[in-house]
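K.L.:
What shape does this take:
(chains A and B)
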Number of protein chains: 2
Amino acid sequence: MPHPAPVTMSPTLAADEALIRRRLAGEQVLSLAGGEIGLPVMPELAERLALAADRNAYGPVAGDPALRIAAAGYWERRGLATHPDAVVAGPGSKPLLFALMLAVGGDVVVPVPSWVSYAAQARLGGLRPVPVATRAGEGGVPDPGRVRDAVILARAAGHDPRCVVVTLPDNPTGTIASPATVEELAEVARELDLVIVSDEIYCDLVYDSTRPAVSPAVFAPERTVVTTGLTKSLAVGGWRLGVARLPEGPLGELVRTRLLGVASQIWSSTAAPVQAAAAWAFTEPPEVVAHVAAGRRLHETVVRAVGTLFTEAGAEVAPVRATSYLYPDFEAARDHLARVHGIRDGDGLAVTLGERYGVGVLPGSAFGEHPRPLRVRVATSRLYGESDAQRTRALSSADPLRLPWISASLERVAEVLADLTGVCVTPPTR
Amino acid sequence: MPHPAPVTMSPTLAADEALIRRRLAGEQVLSLAGGEIGLPVMPELAERLALAADRNAYGPVAGDPALRIAAAGYWERRGLATHPDAVVAGPGSKPLLFALMLAVGGDVVVPVPSWVSYAAQARLGGLRPVPVATRAGEGGVPDPGRVRDAVILARAAGHDPRCVVVTLPDNPTGTIASPATVEELAEVARELDLVIVSDEIYCDLVYDSTRPAVSPAVFAPERTVVTTGLTKSLAVGGWRLGVARLPEGPLGELVRTRLLGVASQIWSSTAAPVQAAAAWAFTEPPEVVAHVAAGRRLHETVVRAVGTLFTEAGAEVAPVRATSYLYPDFEAARDHLARVHGIRDGDGLAVTLGERYGVGVLPGSAFGEHPRPLRVRVATSRLYGESDAQRTRALSSADPLRLPWISASLERVAEVLADLTGVCVTPPTR
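P.N.:
Numbering: from 1, shown residues only, chains lettered A, B, ... in the order given. Below is the predicted model of the structure:
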C-alpha cells in the first residue's frame, strides 16, 4: 500500500480517545475536545429500545415506515412539509452525509471553518472539497458571494462542483447564519445549480426559540437536502441514527434513488431496535420535548459560563446562540502567547492546552482553517459529570454551575486561562 | 447530476422490497431472493440488548473492548489466535468490507460468481473490480492460477490490484473451496503482494463440523483480513453488527490505522447496545452454541430438500455444504426453456420465475456472471414461516419439512419447477 492513506482519523474522535487514555493513566484532564453530549439516555427512550429488542429484520433501506412518518411529522412541525417517502434513515447523519456526497457526485463546497468530517468525507469519496470562508458571526454558511466566485472559478478550471454543505446552527462556532444570508446562499445555489446539503443536527439546541435557525429548504425547497438525528438533542450519539429529508420534485427523486443505491451497498439498513425507539422520539411526545428543553438549558448555561471565562481572558468569542460549542480567537493575546509560551498558531495553542494543562480542545485547523489564527474549538458538553447520577443532577438542576463537579471544572478552566494569558479570570461561582 | 449513478440498489435488498410490495398487494409470492435469515431473535440475546439500552456513548471507533475481547476469543476457538487490538467492529460486515477496500486502495480481485456487493462497493470507492472465475464446486475463491494471470495482466496494463476478496463458505453457491485451493490462493497472494479479505459470515453454517471452511488466515496470516458477524448464525441482520480481524505485523498495523480512519469518517462507531449484546454472543455460552446449531440443522434440512427438487427438475446443483443457498444451472433444459417459455438466459429465467410464478430468485448476473448461463441463486432461509411462532416451531421441529407452511412452500416449488421444465418433480413430503 504505497499511496497515502485516504483519510486520517476524525480529529474529534481521536482527541476523545486520547483523553480517555490519559484519564485512565491517572492524569487530571478536562475534555473540551469532542462534541459528544455527556448526558444519560432519557429512561422512556431506553425503554422503547428495550421493547424493540426482538426486531431483527433489515427492513427497507430507506428506513422503517413508522420512523419515516415520524420524521416527516417532526419536520412539518418546523415548517417544512414533508412526505414520508422523502425521508431516508441511516446509521447516523454522518454516513448519510457521506452517501449524499457520493450520490450527488462532483466537488463539494464546504464552509471554513466547518465540522471536521465534511472535507474528509469528500476526499474519501474521491471528490474535491472547495473551501469557502463564512461571514463573521455567521458560521456554517459559506459567504454566498464567495461561493459564486469559487464555483465559477472551479468550473472554469475544469472542476465540477455540484453541492454545497451548510451547518445550521453551526459547529464549531455555535453561531447561526442569518435568514438573509441563508436566502442569499439559496439563490446562489439555484443560479449555479448546486444541491444544498443542510446539516441541521443542532436545530433543537437553539437557545432563543423566537430566533430559530432558518433552513435553506425554506428558500430553495427544490434543491435542499436536510439531515438531522437524535445525537445532540437526546444525547444518543452511540445509538447511531440519522435521517435525511430529500427535496420534492425531479431532483429529489434522482437524489433519493442514488442515495438508496449507495446506502444499500454500504450499510443496508439502520439497527432496527434503534429505528423503533427513534420513531417514538420523532413524534415528540411532551416528555421528549421537556427533556430536550432541559438539555438545551443546561448547554446554554454552561457554554455561556465558559464563554465568559474566555472573554475575560482576552479572547474574542462570537456570541453563541446554539449548541455547546464556542470558538475563541486569542489574536489579542498573540504577543503574550508567543513570548511566554512559544505559541505561534492555533495548533500550538491546542497542543499547549492539551499537553501542559490537560485541557483537550481542537485547533481551528481541524475545521479547515489556516493554522495561523489562534483559534480553538471548545466543547462544553462533557462537563456535566462523570457518572449518570451527576449528569442527571446537572440536567434537573436550577443552578448547574453551583454543582461541585461543574463548578470545579469552571475553576480549572479559569485557572488555566489565567496562567495561559496572564489575565485574571474569575469563575462565575467564586 | 449529468453523470451515471455511482451504483444501483443492491439486487438482494431490491428483490426483497419488491416481493414485500407484491405480497402486501395480495399476490401469492415465494421469496427465494434475499439471503435474510427468517428466524426470530434468540430471547436471551434480545434480553442482553434490552439490558444495554442505557448505553449511549460513541465508545472507541474500533468497538467496545468487551466486544473485541469476545470476538478475539471466538476466533481463537476456531484456531485463529487473535489479539483484541486486531479486532475492529462496524455496523455490519458490509460497511467493514467497503471500508477495507478504501483502506487498502487499489483494484479488487473478486470471484465470479460472488456476493452482489463486492464489485459494487469497489466501484463506489472509485476502485476497479477484477473478476476472476472460481473452480467448479469451489465457489467463493477465485481460481488461484487465474488470479495470478489477471493481476499480472492488470499491472502490465497500468492498473493497481492490491487485494482479493474470498467468501468462505460461499454465497451464492453454498459450496466451500477446498483447503488446498485456499492455500494456493494464499501463496499467489503472497507472491503478488495482495491483501486477502476473507468474508467468513457463513462460517458457523457449515453442516459437517468435521469439514469446516479453512480460512486463508491459516496460510497467509500476515496478509489476511477476516470478517464475520451475527447476521447469519443468529439471524440478527437488522441489528447491523460485524467484526473484522486484522493480520498481525506491519501490514496489519497499517490496515488498522487506515481502516479506523475510514470508519471514523463514515460511521464513527457501532450502535452501543448492539455491541453489548454481540459481546455476549461472541463469548459463545452453551445456549448460543445450541441455538446456532438448531438454525444450522434447519438450514441444511430445507436447503437440501429444495436442492433435491431442482435436481429432479433437471438442474445441475453443486453439493451444498453450508449456508441456505443453492445455485442451480438449467443448461440441460436450455432447449425446453427457450422453446416453451422463450427463456434464453439467466436474467430471463429469473424474470419468468418472478413474474409468471411469483417465485423471487436472483439471476447469476447479479453475482457478476455473464447473463447467458441459465443460473439463478435460490435462498431458502425465508421459508421457515410467516410469524415468529411458526419460525420458532420450525427451529425446534425434528421434522421441519412436515410443518404445513414449509411443506406448502416445497409443494409450490415442485409445482413451479414441473411447469417450468416439463419434468415431474415430487416434493419430499408427498
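K.L.:
Quick one: residues contacting the residue positioned nearest the centre of chain A.
P.N.:
Among the residues of chain A, the one closest to the centroid is A:Asn171, at 4.6 Å (CA atoms, centre = their mean). Residues in contact with A:Asn171 (CB atoms under 8 Å, 6 or more residues apart in numbering or on different chains) are A:Gly35, A:Ser114, A:Trp115, A:Gly140, A:Ile201, A:Tyr202, A:Thr323, A:Tyr325, A:Arg377. In short, each C-beta sits where N, CA and C put it, glycine included.
K.L.:
How much space separates it from B:Val206?
P.N.:
To B:Val206, A:Asn171 is 48 Å away according to CB to CB, to the nearest Å.
K.L.:
ok, now A:Val274?
P.N.:
Taking CB to CB, one finds A:Val274 at 32 Å from B:Val206.
K.L.:
Comparing these two, which residue is more hemmed in?
P.N.:
A:Val274 (29 against 19; other CB atoms under 10 Å in any protein chain shown).
K.L.:
pretty sure the more buried one is in a helix, no?
P.N.:
Yes - residue state for A:Val274 (DSSP: H, G, I helix; E, B strand; the rest coil) corresponds to a helix.
K.L.:
Could you tell me the angle between the helix or strand encompassing A:Ala99 and helix B:93-104?
P.N.:
Element membership for A:Ala99 (DSSP states H and E) is helix A:93-104. Put simply, helix A:93-104 runs at 70 degrees to helix B:93-104, going by axes from the mean of the first three to the mean of the last three CA atoms, to 10 degrees.
K.L.:
Against chain B - does helix A:93-104 have any residue that ends up touching it?
P.N.:
Yes - Helix A:93-104 reaches chain B (CB under 8 Å from any CB of the partner chain) through A:Lys94, A:Pro95, A:Phe98, A:Leu102, A:Ala103, A:Val104.
K.L.:
Just put these in JSON lines and tack on neighbour count and pLDDT.
P.N.:
Below are those laid out as JSON lines (neighbours: other CB atoms under 10 Å in any protein chain shown; pLDDT from 0 to 100):
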{"residue": "A:Lys94", "neighbour count": "26", "pLDDT": "98"}
{"residue": "A:Pro95", "neighbour count": "24", "pLDDT": "98"}
{"residue": "A:Phe98", "neighbour count": "24", "pLDDT": "98"}
{"residue": "A:Leu102", "neighbour count": "26", "pLDDT": "97"}
{"residue": "A:Ala103", "neighbour count": "29", "pLDDT": "97"}
{"residue": "A:Val104", "neighbour count": "24", "pLDDT": "97"}
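K.L.:
which one of those residues is nearest A:Ala366?
P.N.:
Minimum distance to A:Ala366 across the residues of helix A:93-104 next to chain B is 15.7 Å, recorded for A:Lys94 (CB to CB).
K.L.:
quick one: the closest one and A:Tyr118 touch, right?
P.N.:
No - counting by CB atoms under 8 Å, A:Lys94 does not reach A:Tyr118; the two are 10.0 Å apart.
K.L.:
pretty sure A:Val225 is in a strand, no?
P.N.:
Yes - assignment of A:Val225 by three-state DSSP places it within a strand.
K.L.:
which residue sits closest to it, ignoring its sequence neighbours?
P.N.:
Leaving aside its chain neighbours, A:Val225 sits nearest to A:Val197 (5.0 Å; criterion: CB to CB, 6 or more residues apart in numbering or on different chains).
K.L.:
Where does pLDDT dip in the stretch 1-150 of chain A?
P.N.:
A:1-4 (pLDDT under 70).
K.L.:
wait, doesn't A:Val165 sit right on A:Val108?
P.N.:
Yes - with contact defined as CB under 8 Å, A:Val165 counts as touching A:Val108 (6.2 Å).
K.L.:
residues bridging contact with those two, i.e. touching both?
P.N.:
A:Tyr118.
K.L.:
And chain B, is stretch A:237-250 touching that?
P.N.:
Yes - using CB under 8 Å from any CB, we find that stretch A:237-250 touches chain B at A:Gly237, A:Gly238, A:Trp239, A:Arg240.
K.L.:
how about the second one, what does it touch?
P.N.:
By that I understand A:Gly238. Taking CB under 8 Å, 6+ apart, one finds B:Arg55, B:Asn56, B:Ala57, B:Tyr58, B:Gly59, B:Ser269, B:Ala271, B:Ala272 in contact with A:Gly238.
K.L.:
now A:Leu420
P.N.:
Counting by CB under 8 Å, 6+ apart, A:Leu420 makes contact with A:Ala313, A:Leu337, A:His341, A:Thr352, A:Leu353, A:Tyr357.
K.L.:
Would you reformat the residues you listed as a markdown table and include pLDDT, secondary structure and distance to chain B?
P.N.:
Listed next are these as a markdown table, based on pLDDT from 0 to 100; DSSP: H, G, I helix; E, B strand; the rest coil; distance: CB to the nearest CB, whole Å:
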| residue | pLDDT | secondary structure | distance to chain B |
| --- | --- | --- | --- |
| A:Ala313 | 97 | coil | 30 |
| A:Leu337 | 98 | helix | 30 |
| A:His341 | 97 | helix | 30 |
| A:Thr352 | 95 | helix | 25 |
| A:Leu353 | 96 | helix | 22 |
| A:Tyr357 | 94 | coil | 24 |
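K.L.:
Now flag whichever of the residues you listed is closest to A:Glu386.
P.N.:
Nearest to A:Glu386, judged by CB to CB, of those is A:Tyr357 at 19.0 Å.
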